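Peer 1: I'll drop the sequence and a predicted model, then ask my questions.
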Amino acid sequence: MKTLKEQTEAKIEAGRKANPDFMSGVDAAIAKAKNFEEGALALKMGQKAILFELPNQEGKTVSLDSLLINGPVVLTFYRGDWCPYCNLQLRALQARLDEMQAMGASLVAISPQVPDESLAKSEISQMNFTVLSDQNASVASQYGVAWEVPEFLLSHMRVDRNLDLAKINNGNAHVLPIPATFILDKNGIIVWTYVNVDYRTRSEPQEIIEQLQKLT
C-alpha cells in the first residue's frame with residue numbers, strides 16, 4: 001500500500017500535468033505564506049491544549065474534555081470534504097484507526113464546514129472517527145492554524161471548482177485551517193505536532209502511530 005506521501009505526491013504531479021499554470025500559482029502562494037511564517041504561532045509541544053466544544057455532523061456538541069477522559073486524542077484540522085488532499089489524508093487515517101483505538105486514542109477531525117445534511121452524508125462523516133465543525137475557524141485560530149486564504153486560491157475555488165465557501169462554512173468565505181495534526185496525551189498536553197501551510201502535504205499516519213506507541 002502506498003504511503004500518504006506517495007499518494008499526495010502523485011496527486012500533485014497529476015495536477016502539474018493537467019494545469020501547470022495553476023500549480024505554479026499555488027507554489028508561489030505557498031512560498032509567500034512560508035516566507036511570512038504563517039503557522040508559526042501554532043501551539044507547541046509541551047503546551048496545554050485549549051479546550052473547546054464544537055458540533056459534530058449531526059449538530060450534537062462534543063467537548064475535548066469528554067474525549068480526553070478516554071485517553072489520548074489525535075486532533076487533525078482539515079479544509080473540508082471538498083478538498084482532495086484532505087480526503088486522501090483522512091482515508092489514510094481511517095485505515096490505521098483500529099491501531100490508534102487499540103492504544104486508547106481517539107481521532108478527531110475538525111473543519112469549518114457547517115454540520116448540515118451535505119456534511120452528514122459526506123464520505124468523511126461516514127468514517128469511524130469524530131468529525132467536528134469549526135465554522136468561523138475560531139478553534140483553528142486558538143490553535144494558531146487559521147489561514148487567510150489568498151485571493152488567487154479563493155478565485156480558483158469559486159470559478160474552477162464552483163465552490164461556495166460562504167455557504168459551505170456558514171458565512172466564512174476566506175479563512176481555512178492550515179492542515180495540522182496535534183497529539184494530546186490524556187492530560188491534554190501536546191506531545192507531537194505537524195503543521196504545514198502547504199495544504200498538499202500532510203502528516204504520515206505511521207508517524208502518528210509511532211508517537212502514540214511512546215505514550216503507551
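Peer 2: Now that the structure is in, tell me what you want to look at. Keep in mind that what you see is a predicted model, and the values were worked out from it rather than measured.

Peer 1: when you work out contacts or count neighbours from here on, use the C-alpha atoms and nothing else.
Peer 2: Fine.

Peer 1: tell me the contacts of L90?
Peer 2: I124 (CA atoms under 8 Å, 6 or more residues apart in numbering).

Peer 1: what of L97?
Peer 2: Residues near L97 by CA under 8 Å, 6+ apart: L107, N128, F129.

Peer 1: separation between it and D116?
Peer 2: 25 Å (CA to CA, to the nearest Å).

Peer 1: now the helices for the protein?
Peer 2: 4-18, 20-35, 64-68, 84-95, 97-102, 117-120, 138-142, 151-155, 165-168, 205-215 (DSSP state H).

Peer 1: weakest of those in terms of mean pLDDT?
Peer 2: Among the helices of the chain, helix 117-120 has the lowest mean pLDDT, at a mean of 64.

Peer 1: thinking again about what came up before, from the contacts of L97, list just the buried residues.
Peer 2: Buried by 16 or more other CA atoms under 10 Å: L107, F129, out of these.

Peer 1: and V62, how far is that from I110?
Peer 2: Distance from V62 to I110, by CA to CA: 11 Å.

Peer 1: of all the helices of the chain, which one is nearest F182?
Peer 2: Nearest to F182 among the helices of the chain is helix 205-215; the distance by CA to CA comes to 9.3 Å.

Peer 1: who are the packing partners of that closest one?
Peer 2: On a contact count with 3 or more CA pairs under 8 Å, 6 or more residues apart in numbering; DSSP states H and E, helix 205-215 meets helix 97-102.
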